[in-house]
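Participant: quick one, structure for this:
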Amino acid sequence: MTVESLRFSDGEVEQVDDFHAARAEPGTVWVRASDATPLELERVAESFDIHHLSVEDIRNGVRPKTEEFTGYTFVLLKTVELSRGETTFEEETRVKSVGMFVGEDWLVTLSEHEIDAVRRIWEAALAGDRRIIGHGPDFTAYRVCDGIVDGYFAVLDQIEDQIEIVEEAVISDTSIETLESINGVRRELLAFRKLAWPTREAVGYLARGDPEEVRPETEKYFRDVYDHLVQLVDLTETYRELAGGARDIYLNMLSVSTNEVMKKLTVVATIVLPLTLIVGVYGMNFQDGPLNMPELHWAYGYPAVMLGMFFMSAILVVYFRESGWL
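Facilitator: Okay, here's the model as predicted:
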């Protein structure tokens, strides 16, 4: 997809080819460059006198932020989706950067990838949605921000489902796969937290109405997005505690399982120990002496010893069962 432009004014919307000429006419101009090449991004930036460092920030994937420049306000946000990788941390959370440049009567959205939230708002505006085209560029930027933040809730819902699965698994399964699942959830939450915190700061700057391009009547909408981000941050911290608790439960269950194994080994060793002692004693079969064991010459000595060992083992087994060790 290349560069597209819309102009809307007085409830009317039209798609324009020359956004330079459209800027001279009344109304709001929205230029969208999605899945654009670096050359296209630079061309749009030059047309609106956008600083080249802002374009580089979009390409380099820096943290979300809001900055004021002469004639416009730059808002950098990121979308996020889960895509569990096999090995690397980067494969588990996929992020895409989108830059919004809000002028007095124009809006430019730049991204190197197709952004679903931007596309949905664009299609609604093109269809004549008065909730979008009846307001200025700052309100359109709010709708894009709101769409991106709504996607964060969907990601957290997926993480919540994973946490529920992990919490059920740690009770009965202490395999290494369960531990890997716990660590995977914790890494996802860490990556999401690193995204949600700066996004909250960026939207909070808009919610306070510090930029001149944000009108007072639009501030309350940005405050609503800010409240959503506060809720997201709180949920992230809660889920991190749940994931940490699941890891503690896993370690406790692993310790319990190890203790059960050691208990069974102790029972076996306790039963075998007296038998070994008896066999060892009767293994000292010295003969022809006044102090030697008389049982060595007894015809029923071997059966008697074996029977005694059997009864001794049976008594120990019964004792351990009564004590709850078996």
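Participant: pretty sure S5 is in a strand, no?
Facilitator: Yes. Secondary structure of S5, determined by DSSP: H, G, I helix; E, B strand; the rest coil: located in a strand.
Participant: for it, name its beta-bridge partners.
Facilitator: S5 has these beta-bridge partners by DSSP bridges: V16, V31.
Participant: what's near enough to touch it?
Facilitator: Q15, V16, D17, D18, F19, A22, V29, W30, V31, R32 (Cβ atoms under 8 Å, 6 or more residues apart in numbering). Yep, even glycine has a C-beta here, placed from its N, CA and C like the rest.
Participant: now rank those by neighbours and give me the top one.
Facilitator: W30 (28 neighbours; other Cβ atoms under 10 Å).
Participant: A243 contacts L190, doesn't it?
Facilitator: No. Using Cβ atoms under 8 Å, A243 makes no contact with L190, being 9.6 Å away.
Participant: show me which of those two is the more surrounded one.
Facilitator: Set A243 next to L190 and count neighbours by other Cβ under 10 Å: A243 wins out with 25 against 16.
Participant: and the next helix or strand past the helix or strand where that one lies?
Facilitator: Here A243, judged by DSSP states H and E, is contained in helix 216-283. Note on helix 216-283: by DSSP H and E, the next helix or strand toward the C-terminus is helix 301-322.
Participant: and stretch 172-179, how far out from the chain's middle?
Facilitator: Relative to the centre of its chain, stretch 172-179 is centred 19 Å away, using Cα atoms, centre = their mean, to the nearest Å.
Participant: quick check: buried residues in that stretch?
Facilitator: Residues of stretch 172-179 classed as buried by neighbour count (16 or more other Cβ atoms under 10 Å): T174, T178, L179.
Participant: export those to JSON lines and tack on secondary structure and distance to T109?
Facilitator: Listed next are the buried residues of stretch 172-179 as JSON lines, based on DSSP: H, G, I helix; E, B strand; the rest coil; distance: Cβ to Cβ, whole Å:
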{"residue": "T174", "secondary structure": "coil", "distance to T109": "49"}
{"residue": "T178", "secondary structure": "helix", "distance to T109": "43"}
{"residue": "L179", "secondary structure": "helix", "distance to T109": "42"}
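Participant: which strands and helices sit next to the helix holding A243?
Facilitator: For helix 216-283, the packing partners by 3 or more Cβ pairs under 8 Å, 6 or more residues apart in numbering; DSSP states H and E come out as helix 137-172, helix 176-207, helix 301-322.
Participant: got the CA coordinates for the shortest one in CSV?
Facilitator: Looking back up the chat, that one is helix 301-322. The C-alpha trace of helix 301-322 is given here as CSV (Å, rounded to 0.1, in the frame of the first residue of the first chain):
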residue,chain,number,x,y,z
GLY,A,301,18.7,-73.1,60.2
TYR,A,302,18.4,-71.7,56.6
PRO,A,303,14.6,-71.9,56.5
ALA,A,304,14.3,-70.4,59.9
VAL,A,305,16.5,-67.4,59.0
MET,A,306,14.6,-66.8,55.8
LEU,A,307,11.3,-67.0,57.6
GLY,A,308,12.5,-64.6,60.3
MET,A,309,13.6,-62.1,57.6
PHE,A,310,10.2,-62.4,55.9
PHE,A,311,8.4,-61.7,59.2
MET,A,312,10.7,-58.8,60.0
SER,A,313,10.0,-57.2,56.5
ALA,A,314,6.3,-57.7,56.9
ILE,A,315,6.3,-56.1,60.3
LEU,A,316,8.1,-53.0,58.9
VAL,A,317,5.8,-52.8,55.9
VAL,A,318,2.7,-52.8,58.2
TYR,A,319,4.4,-50.2,60.5
PHE,A,320,5.1,-47.8,57.6
ARG,A,321,1.5,-48.2,56.2
GLU,A,322,0.1,-47.4,59.6
